[in-house]
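1. Sequence and predicted model, in that order:
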Amino acid sequence: MKRLILTLAVMVTATATLLADDESYNMSRGIDAWQQGDAQEAVRYFIKEAEADDSNSEPWLFIAMIMKDEERLGTALSAMNECIKRIPEKNKTDRAKALFLRYGVFEMIGDTLHAERDLLQAAQLQPREIDYQNRLGDFYYHRNMWDIADKYYNQALKIDPQDWYATMGLGRNESERKAFDKALQWYDKAFAIDPDISSVYAFKGESLMGLGRWDEAAECLLNSLEYADQWGSQLFDQLCDSALDVALDALHRRHIAEPTSAMWIEQLGITYFNGNRYAEAKQWIAKTLEENEDADTYPYLALCSARMGDYEGYSEALKRGEQLDSTSIDMLEVSAMVEMDWGHYDKALEQANKLVDKQIDDASAYLLRGDILLAKGLAAEALDDYITASVLEEDVDKPLLSAGKVYLLQGNEQKARQCFTKVVERYKTATINAYSRVQEAYYYLGDIEQSRAMAQRVQAAKGDTDDNSLILGLYYALIGDNDAAQPMLELAIDNGLLTPWIMQEPYDIYHLRALPCYNQLLERARHHFHTTE
């Protein structure tokens, strides 16, 4: 099946075309060494060839590709410069392909300006090369410059009206503009051109979701899951947030049609789990383990048992998972989370320390340990972990908010405002999702009106769903609206989002303790997490 990405075919073609028919001894030995995985030996031969013939561009091309593979991008760029310098101006085909290769290096470096320049020059040298036009379309699409992207996708279609990639590109642009009906028309055209395109399922599903056609969207996204499409998987999770029952009905239909398919059994377990329906999730996860006893599945089973108050089942699942894989990171994470939820902070911290030791570059590990340290009243240590997480994590709303709240606890309002301001500036125009807490940052900055508007945007975008109940409940608690806060916080507790440790943090930044229903909510949370602490 075709996927909506440009493959390495262009680079492979470029390499083959730039090679001479008669390879020298050094070039031949260098290529052999590279193919056998000995990059250092390959580079040695290519350098010999470059020294023997200063006019030859080929050895520099290979050196650049090897350096690029090893992510030595500065050296790769220098080698590509040497390669291009040796290709005659009149040889437009080879110069275009070399510029295209250098564009890829600039993209990896993050030099957008020079990447754009090289890509435009390659397309100008070879205006009938459809791959260059499509890549320009992608370049501008990923920078939200959809009108310019349209220009190049349309240029590709002028070259070949049956090019499915450009057709899909125009559909993606319409989807980004929220013109979902128009996007669907382009996706249907792509299917008509070539019905063997798997990626269209995910993008078509996205547009159907935008139109609220949940049943059709579910079927499209399940089709994308069959081809392990990561974007389709993310979209299916979003569909579950908005229409869980629709997603589950579609999954059950697939299971009935293909009762022996392990894929649908596993997906049912995952979907019930993500929907916080732990009893059903446990049943389907058990079926998955009957088909294939995989260590990676046991953390889900353990967490289901924990959420249901089944300590014995939780312990057995962890024990069996550890027997299958004693190095499992997921086992440590689940253990730390569950022990924290139950108020066993020393045990939770022990597990979290092991997790950080094994995942030293993982922001989520530091976030989890920071929460545990904060629950123990160790604010300074928690702050260190939150700051580390903010450096490691690309999506920094959670660590920055956590760091800001600790600064407030320490009385450092200036540092706190810096954290909250960063969150607002980075996420205020982002698409609302379940973990976006810009409204919380606005509240801490003293902008109640913006905070209220953001909370309303969250509610309008997602409705009173499981995931945003905590965000809304905390917001209403912050402004002291008990009548609005209580039902949202109760829903958050019932869905495992509001834990006893959050309600008993060493500072009451959410003003939860000021709510008349606080004791009632705390008891409900303790009951849900089966702890008296």
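-> Nice, I can see it.

2. Only C-alpha atoms from now on, for both contacts and neighbour counts.
-> Noted.

3. In stretch 242-257, which residues are buried?
-> Residues of stretch 242-257 classed as buried under the neighbour-count rule (16 or more other C-alpha atoms under 10 Å) are 242, 243, 244, 246, 247, 248, 250, 251, 252, 254, 255.

4. Oh, that last question was meant for stretch 107-122, not what I typed.
-> 115, 116, 118, 119, 120, 121, 122.

5. same question, stretch 171-191
-> 171-175, 179-180, 182-191.

6. Which ones among those lie within strands?
-> Using DSSP state E, the subset of the buried residues of stretch 171-191 located in strands is empty.

7. Show me where the stretch 1-150 of the chain dips below the pLDDT cut-off.
-> Residues of the stretch 1-150 of the chain meeting the criterion pLDDT under 70: 1-23.

8. ranges for the helices of it?
-> Taking DSSP state H, counting those that start in this stretch as the criterion, the stretch 1-150 of the chain carries its helices at 9-18, 25-35, 39-52, 58-69, 73-85, 92-109, 112-125, 130-141, 146-159.

9. For residue 331, which of those is the nearest?
-> helix 58-69 (33.5 Å; C-alpha to C-alpha).

10. Can you give me the buried ones in the closest one?
-> 58, 59, 60, 61, 62, 63, 64, 65, 66, 67, 68.

11. The first one contacts residue 83, correct?
-> Going back to what we said before, that points to residue 58. Yes: Residue 58 lies in contact with residue 83 (C-alpha atoms under 8 Å); the separation is 6.9 Å.

12. Closest one to residue 479 out of the buried residues of helix 58-69, please.
-> residue 68 (53.3 Å).

13. Put together TSV for the buried residues of stretch 107-122, with distance to residue 474 on each row.
-> Output for these, formatted as TSV (distance: C-alpha to C-alpha, whole Å):
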residue	distance to residue 474
115	45
116	45
118	50
119	48
120	50
121	53
122	53
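
14. between the residues you listed, which is nearest residue 105?
-> residue 115 (7.9 Å).

15. Isn't the closest one up against residue 107?
-> Yes: if you go by C-alpha under 8 Å, residue 115 and residue 107 touch, sitting 5.8 Å apart.

16. Need the distance between the two termini of stretch 84-93.
-> Counting by C-alpha to C-alpha, to the nearest Å, you get 12 Å between the two ends of stretch 84-93.

17. Apologies, that question was intended for stretch 319-330.
-> Termini of stretch 319-330 sit 13 Å apart (C-alpha to C-alpha).

18. and if you look at stretch 490-510?
-> Across stretch 490-510, first to last residue, C-alpha to C-alpha, it's 15 Å.

19. any idea how far that stretch is from the chain center?
-> 26 Å (C-alpha atoms, centre = their mean, to the nearest Å).

20. That one: which residues count as buried?
-> Buried residues in stretch 490-510 (16+ other C-alpha under 10 Å): 490-503, 506-507, 509-510.

21. Likewise for stretch 119-136?
-> 119-123, 125-127, 129-136.

22. Which of those sits closest to residue 29?
-> Nearest to residue 29 among the buried residues of stretch 119-136, with distances taken as C-alpha to C-alpha, is residue 122, at 30.5 Å.

23. Distance of residue 346 relative to residue 374?
-> Counting by C-alpha to C-alpha - residue 346 and residue 374 are separated by 12 Å.

24. Could you do residue 476 as well?
-> 23 Å.

25. What is the neighbour count of residue 258?
-> 13 (other C-alpha atoms under 10 Å).

26. how about it, phi and psi?
-> phi -130, psi 70 (degrees, to the nearest 10).

27. Going forward, count from 39.
-> In the new numbering, first residue 39, that becomes residue 296.

28. Is residue 554 in a helix, a strand, or coil?
-> coil (DSSP: H, G, I helix; E, B strand; the rest coil).

29. Contact partners for it?
-> Residues near residue 554 by C-alpha atoms under 8 Å, 6 or more residues apart in numbering: residue 520.

30. ok, so of the buried residues of stretch 157-174, who is nearest residue 363?
-> residue 173 (42.9 Å).

31. can you tell me how far that closest one sits from residue 138?
-> Distance from residue 173 to residue 138, by C-alpha to C-alpha: 10 Å.

32. Report the separation between the nearest residue to residue 560 once chain neighbours are set aside and residue 146.
-> Distance criterion C-alpha to C-alpha, 6 or more residues apart in numbering; nearest residue to residue 560, sequence neighbours excluded, is residue 538 at 6.3 Å. The spacing between residue 538 and residue 146, counted by C-alpha to C-alpha, is 45 Å.

33. what do you get for residue 206?
-> Residue 206 is 25 Å from residue 146, by C-alpha to C-alpha.

34. show me where the stretch 389-538 of the chain has helices.
-> Going by DSSP H, counting those that start in this stretch, the stretch 389-538 of the chain shows helices at 401-413, 417-430, 435-447, 451-465, 476-482, 486-500, 507-516, 520-532, 538-541.

35. From the chain's centroid, how far away is the fourth one?
-> For helix 451-465, the gap between its own C-alpha mean and the chain's C-alpha mean amounts to 23 Å (C-alpha atoms, centre = their mean).
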